[in-house]
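J.: this one's structure only:
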C-alpha cells in the first residue's frame, strides 16, 4: 500500500471549518433521507449523525493529506486508494463497527473500501475531541488493525 498515515492523529472539532462541516452533513443527509438507512431518525438526527462522521473525513482532507472521494457514499481517497472513515462513541464499539464493514465488504466486494480509519468521540457526553484508533485493512474475510502507520 502506498499511503502515508503519519498525519493522522487525534483532533478537536475546533480544527474543522464549521460551515463546511454543516454543508457537507446536510448534503449527505439529503442523500440518505427517504432511503432505508434512515430508520426511525428525524432529518435533524440524520444531519447530526452525518456531521459526526464528516468531521473525521474533513480532518483527513484538511490535515491528513487525503482528498474527498466524490463517488456516492464514499469517504476519502489517497493515491487512488479509497478509505472508509468511521467514528464511534468508544473503543468497545470498534469490533461492531468492523463487523458491519465486513458485512458490507462481503456484500459489495470491490465497491467497498479495503481500508478503514477509525476515531472515537464521546459525543453523547458533549466531547469535541476525536481520538484516532487506527488504520484497519481487509484481508482473509475480515478487517485487521495495521500495526505500523508509516
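T.: Okay, I see it. Nothing here was measured: the structure is a model prediction, and the numbers come from that model.

J.: so what touches stretch 79-97?
T.: For stretch 79-97, contacts defined as C-beta atoms under 8 Å, 6 or more residues apart in numbering pick out 1-3, 52-53, 55-57, 60, 66, 69, 74-77, 101, 112-124, 130, 133. (Each C-beta comes from the backbone N, C-alpha and C, glycine too.)

J.: buried ones in it, by neighbour count?
T.: 82-88, 94, 97 (16 or more other C-beta atoms under 10 Å).

J.: any chance you could map the strands in the chain?
T.: With DSSP state E as the definition, the chain shows strands at residue ranges 11-12, 67-68, 76-78, 81-88, 115-120, 129-139, 142-145.

J.: tell me which of those lies nearest to residue 31.
T.: Judged by C-beta to C-beta, the one of the strands of the chain that comes nearest to residue 31 is strand 67-68, at 14.3 Å.

J.: helices or strands next to the closest one in the packing?
T.: Packed against strand 67-68, as judged by 3 or more C-beta pairs under 8 Å, 6 or more residues apart in numbering; DSSP states H and E, are the following elements: helix 43-63, strand 76-78.

J.: now render the ones you listed as JSON lines, adding mean neighbour count.
T.: As requested, those are exported to JSON lines (neighbours: other C-beta atoms under 10 Å):
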{"stretch": "helix 43-63", "mean neighbour count": "20"}
{"stretch": "strand 76-78", "mean neighbour count": "21"}
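
J.: quick one: average pLDDT of stretch 15-27?
T.: The average pLDDT within stretch 15-27 is 97.

J.: okay, buried residues for it please.
T.: By 16+ other C-beta under 10 Å, the buried positions in stretch 15-27 come out as 16, 21, 24-26.

J.: before we move on, the earlier item: okay if I get the helices and strands packed on strand 67-68 as JSON lines plus mean pLDDT and distance to residue 137?
T.: As requested, the helices and strands packed on strand 67-68 are exported to JSON lines (pLDDT from 0 to 100; distance: least, C-beta to C-beta, whole Å):
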{"stretch": "helix 43-63", "mean pLDDT": "96", "distance to residue 137": "16"}
{"stretch": "strand 76-78", "mean pLDDT": "95", "distance to residue 137": "14"}
